[in-house]
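Asks: show me how the following folds:
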Amino acid sequence: MTQILHYIRAISFIETRLLQNLTVIHGSGVLLNYWRNFQELPLVGLARYEVTSKVENKSKLFAHTVTALLPGHFDPRDRHLAFLLTCVGGERFLVGGNEKPFPVVNTSDSLPGKVSEPAGCTLTVEYTDLLGLLPVLD
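Replies: Below you'll find the predicted structure:
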């Protein structure tokens, strides 16, 4: 049996306006079609990515949540961002796209009073769509 290593080792972001001409293959994933200028965020350890599904108004919705600890503050500056997640095994997943709804980015900076508690910026990305988990195929 093949071991699947779906641990997120890298998170990169791009403004959604730069994601024109994506090819979404329903049930399979997404093709970026050419090189995109994603900017990698520095991570402390591994990130967490969770996708859950539910039915609302006879439509299946997928709720994506990405959580990561960054060593310094990250400011999304009211930009619409999409995220590329890279697993330790090399698999990549796209969270967001060039159309609404866009991912919601929240940050929380922690300057703890104890050395044993982690310090840094907690990045939380929340996104809801109809497509679910989108592996990058190219």
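Asks: low-scoring pLDDT stretches of this protein, where are they?
Replies: The chain contains residues with pLDDT under 70 at 1-5.
Asks: pull the number of nearby residues for the nearest residue to residue 14 once chain neighbours are set aside.
Replies: Counting by C-beta to C-beta, 6 or more residues apart in numbering, residue 14 lies nearest to residue 38, which is 4.9 Å off, once chain neighbours are set aside. For glycine as for every other residue, the C-beta is placed from the backbone atoms N, C-alpha and C. By other C-beta atoms under 10 Å, the residues close to residue 38 number 20.
Asks: one more: residue 75?
Replies: 9.
Asks: which SSE is it in?
Replies: Using DSSP states H and E, residue 75 falls within no helix or strand.
Asks: mind listing what it touches?
Replies: residue 107 (C-beta atoms under 8 Å, 6 or more residues apart in numbering).
Asks: quick check, the residue nearest to residue 14 in contact with residue 84.
Replies: Yes. Residue 38 is within contact range of residue 84, at 5.0 Å (criterion: C-beta atoms under 8 Å).
Asks: common neighbours of these two, please.
Replies: With C-beta under 8 Å, 6+ apart as the test, residue 38 and residue 84 both reach 12, 13, 14.
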